[in-house]
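Colleague: sequence unknown, structure follows:
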Ligand code: AMP
């Protein structure tokens, strides 16, 4: 089973939840650029101040800032034997920067969580009620889905035969079981 994995999929597909469960199961760090950026905003760092308004609009933080953040994180000792990337890369430029940083072909699996669009919107609106995330308003949700289709979906081609599709509809436990089974069957 691969230990250098990334999660692809639209906002609301359950990447964060599933990536955190899978990282624990595999014993590798869960590296979420969304979580890192939200922490930077909360801490009021220079990066956080630059990212805050962009994130609230549902747009992408500039590639160079995110790439620097990930490169720094991947250099930590706990990432030496594997990692699970969640929410990165989100653009072709980020994917190319990652290839350069870790070596082309280092990523073994790009796990694509698939959920139909109307369910994504319903889940994100629900999360807005539960967590009050600034970027879960209806307008921002629409923008984030559009950004996903335009900027991030082309990564499915970039990763080619390393893409493994998993149906993301169902309970958290059902989807997790599906992911584990699918990875176990992936050479
Ligand atoms: P997420 O939690 O992954 O949905 O990310 C929340 C927000 O953080 C996104 O809508 C972007 O504004 C920003 N963000 C997270 N990851 C990236 C990335 N790899 N590149 C650019 N922006 C990102």
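Modeller: All right, it came through fine. None of the values given here were measured: they were computed from a predicted structure.
Colleague: CA only for contacts and neighbour counts going forward, please
Modeller: OK.
Colleague: just checking, what packs against the host helix or strand of residue 68?
Modeller: Per DSSP states H and E, residue 68 falls inside helix 63-74. Counting contacts by 3 or more Cα pairs under 8 Å, 6 or more residues apart in numbering; DSSP states H and E, helix 63-74 packs against helix 33-43, helix 92-102.
Colleague: who's in contact with it?
Modeller: Here helix 63-74 makes contact (Cα atoms under 8 Å, 6 or more residues apart in numbering) with 31, 33, 47, 79-80, 91, 93-94, 97-98, 101.
Colleague: closest one of those residues to the ligand?
Modeller: residue 33 (4.4 Å; Cα to the nearest ligand atom).
Colleague: got the contact list for the closest residue to that closest one other than its chain neighbours?
Modeller: Spatial nearest neighbour of residue 33, excluding adjacent residues (Cα to Cα, 6 or more residues apart in numbering): residue 87 at 5.9 Å. Going by Cα under 8 Å, 6+ apart, residue 87 touches 7-8, 15, 32-34.
Colleague: helices and strands of this protein: which one bottoms out on pLDDT?
Modeller: The helix or strand of the chain with the poorest confidence is helix 117-131; it has a mean of 89 (mean pLDDT, DSSP states H and E).
Colleague: next SSE after that one?
Modeller: Using DSSP H and E, the next helix or strand after helix 117-131 towards the C-terminus is helix 138-147.
Colleague: give the buried residues for that following helix.
Modeller: Of the residues in helix 138-147, 140-141, 143-145, 147 count as buried by neighbour count, 16 or more other Cα atoms under 10 Å.
Colleague: now those residues as CSV including pLDDT and distance to the ligand?
Modeller: CSV is the format used below for those (pLDDT from 0 to 100; distance: Cα to the nearest ligand atom, whole Å):
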residue, pLDDT, distance to the ligand
140, 90, 9
141, 90, 9
143, 93, 9
144, 94, 6
145, 95, 9
147, 97, 9
